[in-house]
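>>> quick check, what structure comes out for this input:
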Amino acid sequence: MKKRAIRLVGILLLIILVSIACINFRLSNQNASSKEIINKTKIPNQSFEMNNSADCVSDEDCVPAQCCHPTTCANSQSKGVCNLLCTQDCVPGSLDCGQGSCKCINKKCSAVLNQ
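Here you go, the predicted structure:
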């Protein structure tokens with residue numbers, strides 16, 4: 001009876017360990033594919049005419065333009081829905097982790113990094 005209980009506990013522990021390994025593998029693949037999507041998504045830096053996605057009147061009009069690790073800003077009314085899973089990394093040169101913010105400068109939304 002004891003040997004049977006020990007085997008059962010061993011099998012349960014093995015199932016739990018395999019499940020954890022599978023979950024970690026899926027998460028690492030998901031993060032890798034999110035990074036590929038982020039790296040392929042480029043928003044060109046260019047000047048805009050009036051009524052474009054970067055026009056603003058005040059700082060409150062401006063939000064990060066990209067969903068993950070934003071480096072530019074756009075008008076909040078032109079911002080789409082973000083449905084990407086982002087990494088929790090604080091990417092240097094981005095607005096991540098309070099490294100910068102969006103400001104309205106000369107009626108254009110701009111990313112301003114902290115010194």
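
>>> from here on, contacts and neighbour counts on C-alpha atoms
Fine.

>>> in three-state terms, label residue 67 for me.
State at residue 67, reduced to three classes by DSSP: H, G, I helix; E, B strand; the rest coil: coil.

>>> let me fix that: residue 80
Per three-state DSSP, the local secondary structure of residue 80 is coil.

>>> can you check the pLDDT for it?
Note on residue 80: pLDDT of 80.

>>> tell me how far it lies from residue 101.
Here residue 80 is placed at a distance of 19 Å from residue 101 (C-alpha to C-alpha, to the nearest Å).

>>> which one of these two has more residues nearby?
Shown here are residue 80 and residue 101; by other C-alpha atoms under 10 Å, residue 101 has more neighbours (22 against 10).

>>> give me the distance from stretch 107-115 to the chain's centre.
With C-alpha atoms, centre = their mean, to the nearest Å as the basis, stretch 107-115 stands 19 Å off its chain's centre.

>>> stretch 9-23 too?
Chain-centre distance of stretch 9-23: 30 Å, with C-alpha atoms, centre = their mean.

>>> equivalent analysis for stretch 86-102, please.
The answer for stretch 86-102 is 9 Å, by C-alpha atoms, centre = their mean.

>>> return the alpha-carbon coordinates of it using CSV.
Output of stretch 86-102 as CSV, limited to C-alpha atoms (Å, rounded to 0.1, in the frame of the first residue of the first chain):
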residue,chain,number,x,y,z
CYS,A,86,4.2,43.1,-24.2
THR,A,87,7.2,42.0,-22.3
GLN,A,88,7.8,43.7,-18.9
ASP,A,89,11.3,44.9,-20.0
CYS,A,90,12.2,48.5,-19.5
VAL,A,91,13.7,49.0,-22.9
PRO,A,92,16.3,51.8,-23.1
GLY,A,93,15.3,54.7,-25.3
SER,A,94,11.6,54.1,-24.9
LEU,A,95,8.9,55.5,-22.8
ASP,A,96,8.9,52.4,-20.6
CYS,A,97,9.1,52.5,-16.9
GLY,A,98,8.7,56.3,-16.7
GLN,A,99,11.8,56.9,-18.8
GLY,A,100,9.9,59.6,-20.7
SER,A,101,6.5,60.9,-21.6
CYS,A,102,4.4,62.3,-24.4
